[in-house]
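# Here is a sequence with its predicted model. Questions after.
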Amino acid sequence: MNAIVSQIGDLAEAGEKMVERLRRKAFLPDSRKELNVRFGIAEAAQLLGCSTNRIRMAEEDGRLPPAPPTENGRRPGYRVEELLNMRQVLGASPERAPLDIPAIIAVQNFKGGVGKSTVTTHLAHYFAVQGYRVLVVDCDSQATTTTLFGFNPHFNIQREETLYPYLSIDPTQVDLLYAVKHTAWPNVDLIPSNLELFDVEYELAAAGSDGGSVLAARFRKLKQGLMDLARHYDVVLLDPPPALGTISLAVMQAANALLVPLAATTPDFCSTVQFLSMMDQVINQLQTAGIEVDYQFVRLLCSKFDSNDPSHSMVRAIMEQSFGPALLPIPILDSAEISHAALRMMTVYELEKPIGTPRTHKRCRANLDEAMGQIEALVRQGWGRVAPAREEDIVNAA
């Protein structure tokens, strides 16, 4: 092998070792990701849609555990596990009704660098904070989402723990239960990925060259496997590869909703237009082959938006003219807080305290809540439900 070409492997090995060092540094002492974020009683009440007095009364009469120990006369706050228990006790769970179809959302764009995995992970954690049961399926062999959840895809994840044993030409698994891993979030599970998942692309492509029957069967198999798993969740988020391959096609068919993140730049806009055109052609071909594709909603989400950049505002105006109501009105702002959290392999929802200034953190968190809340509203509409009425709104209306 050419000496220069052989350097590629050396670079990859050096990079993998550095990723593991960063992961271990981020997740000391046991190199496993932990969730230490806490919510004050006011924020907990806001999330549950009730008053702080209702929480205190439930603690006093024994329906809820006693308030956490105070520190200097102040409550340290509630963990996510405690919030979930509070939702159950106080009847504030947003979980879908048994007959409601779980939302299976593909976060898809063939253009890299649009924040696809970042959007997927933040969306998962937003739904978790709101009290939903969430499954994240990393279908991308680059495994960025797996990394953000605290797993090193090179050292911690084997091929047998990904979608591969289920989707391969010679499958060894009949369902997807084997691949589900618990995460630091008590109500978020993950099916991880690693580089070896890419072998499925080769196998299915080779099978497809001899006729589409095997390929079509694998598409239907992924959908069936996800639907079986989805019975235990409210929302399933799929993070497919940023390319039109067999896995992307399978994800496209398995989902019942589509979210397309795109940055506010001209190249991203043009690339997304091409993506939508390719999607339209592929969906028509799939349906012609008898493979059903049905979405409850299709929305575009502007990510990495800099409100101080005139070019971003101009491109966003072009998006609004082109896509109309399919473009979600609230973009995700380009915030240093998101970048700083990502450096620690975290999302903003996992931060115990601001990394930058409190003002920057508060603005970023408020924007994320509003942007992700748009998608929550679409999910609830699909269940025939709107956002639950807040206690104070009812009191004020009376």
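Structure's in. What do you need?
# In contact with Pro192, which residues?
138, 143, 146, 149, 151, 153, 157, 161-162, 179, 181 (C-beta atoms under 8 Å, 6 or more residues apart in numbering). Glycine gets a C-beta too; all of them are placed from N, C-alpha and C.
# ok, residues contacting stretch 266-280?
By C-beta under 8 Å, 6+ apart, stretch 266-280 touches 108-111, 113-114, 244, 252, 260, 262, 300, 315, 318-319, 322.
# Repeat the analysis, applying 10 Å as the threshold.
108-114, 242, 244, 248, 252, 258, 260-263, 265, 293, 298, 300, 302-304, 311, 314-316, 318-319, 322-323, 326 (C-beta atoms under 10 Å, 6 or more residues apart in numbering).
# which ones are touching Ser141?
So Ser141 contacts 153, 162-164, 193-201, 241, 245, 247 (C-beta under 10 Å, 6+ apart).
# Just give the closest residue to it, not the sequence neighbours.
The shortest distance from Ser141 to any non-neighbouring residue, by C-beta to C-beta, 6 or more residues apart in numbering, is to Phe198 (4.0 Å).
# where's the one you found relative to Ser168, distance?
12 Å (C-beta to C-beta, to the nearest Å).
# low-confidence ranges in the protein?
Along the chain, the model assigns pLDDT under 70 to residues 1-32, 71, 73, 114, 207-214, 386-398.
# Just give me the residue right at the centre of it.
Thr120 (2.7 Å; C-alpha atoms, centre = their mean).
# Spell out the secondary structure type for that one.
Look at Thr120: counting by DSSP: H, G, I helix; E, B strand; the rest coil, its state is helix.
# these two touch, right, it and Leu237?
Yes. Counting by C-beta atoms under 10 Å, Leu237 is a contact partner of Thr120 at 5.4 Å.
# Between these two, which contacts overlap?
105-107, 136-138, 145, 259.
# which among those residues end up buried?
With burial judged by 16 or more other C-beta atoms under 10 Å, the buried subset of these is 105-107, 136-138, 145, 259.
# Of these, just say which sits nearest to Glu60.
Val136 (37.8 Å; C-beta to C-beta).
# who's in contact with the closest one?
Contacts of Val136 by C-beta under 10 Å, 6+ apart are 107, 120-121, 123-125, 127, 145-146, 148-149, 181, 183, 185, 188-192, 233, 235-239.
# likewise Arg316?
264, 269, 302, 305, 307, 327, 331.
# Quickly check the residues you listed for the two that are furthest apart.
Phe269 and Ser307 (17.2 Å).
# Comparing the two, which residue is more hemmed in?
Neighbour count, other C-beta atoms under 10 Å: between Phe269 and Ser307, Phe269 has more, with 20 against 13.
# rewinding a little: among the contacts of Ser141, who's most crowded?
Ser193 (31 neighbours).
# Specify which member of the buried ones among the shared contacts of Thr120 and Leu237 is nearest to Gln88.
Val136 (22.7 Å).
# That closest one: what secondary structure?
strand.
# Roughly how far does it sit from Val235?
9 Å.
# Which residues are in contact with each of the two?
What both Val136 and Val235 touch, as defined by C-beta under 10 Å, 6+ apart, is the set 123-124, 127, 188.
# helices or strands next to the helix or strand where Arg363 lies in the packing?
If you go by DSSP states H and E, Arg363 is part of helix 358-382. Helix 358-382 sits against strand 103-107, helix 116-129, strand 235-239, strand 257-263, strand 298-303, helix 336-343, with contacts defined as 3 or more C-beta pairs under 10 Å, 6 or more residues apart in numbering; DSSP states H and E.
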